[in-house]
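Asks: Need coordinates for the following:
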Amino acid sequence: MSFDKDISKCFPQNWEFRWEYKSALADYDNQNRVPHVLDRRFNMPSPYQLLSDKQIDALISAKKVVWSGFEEKYPSSFGYIVVSAVGFNSSRTRAIVAASRDCGVLCGGGRDYAMEKIHGRWVEDHAGCSWFE
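Replies: Residues are numbered from 1 along each chain as shown. Now for the predicted structure:
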């Protein structure tokens, strides 16, 4: 999945936001120019698989009925999640990230996030663009 859109348009256009997130937005653009491969190091309550774009595309279009190949291979799945690379400011206290979930024909959604690290925890600072099918 490509995250090459101009994400800066999805956030407040005021000077304060632009100043606070300038380097994070630039790093987001830089990090998302090329695909990244994730390692299986997530501690999650549910089982998960890491798939490439090519693997997902093959499963979705494998049968005459779109998504049936994916549903056959992962019958208890609620679709798949795609996460962008994260763009950080230089002090790594602000971040920009995008995430989406696809669950079938006309089923899915996604959103862009501006995050701030407060007392060692990441919290949402601003909601960016969102989409739903």
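Asks: phi, psi of residue 124?
Replies: In terms of degrees, to the nearest 10, the main-chain angles of residue 124 are phi -70, psi 130.
Asks: List the contacts of it.
Replies: Applying C-beta atoms under 8 Å, 6 or more residues apart in numbering, we find residue 124 in contact with 113, 114, 115. Bear in mind the C-beta positions are built from the backbone N, C-alpha and C, glycine included.
Asks: Grab the nearest non-local neighbour of the second one.
Replies: So the one you mean is residue 114. Of all residues not flanking residue 114 in the chain, residue 126 sits nearest, at 3.9 Å (C-beta to C-beta, 6 or more residues apart in numbering).
Asks: Compute the distance between the one you found and residue 25, please.
Replies: 12 Å (C-beta to C-beta, to the nearest Å).
Asks: Now do the shared contacts for those two.
Replies: Listed as contacting both residue 126 and residue 25 by C-beta under 8 Å, 6+ apart are residue 11.
Asks: quick one, helices of this structure?
Replies: Per DSSP state H, the chain carries helices over the ranges 15-31, 53-60, 68-73.
Asks: now what about the shortest one, what contacts it?
Replies: Under the contact criterion C-beta under 8 Å, 6+ apart, helix 68-73 has outside partners 56, 58, 59, 60, 61, 62, 63, 77, 80, 104.
Asks: got it, and the second one?
Replies: Applying C-beta under 8 Å, 6+ apart, the set of residues contacting helix 53-60 from outside is 1, 35, 51, 66, 67, 69, 70, 73, 80.
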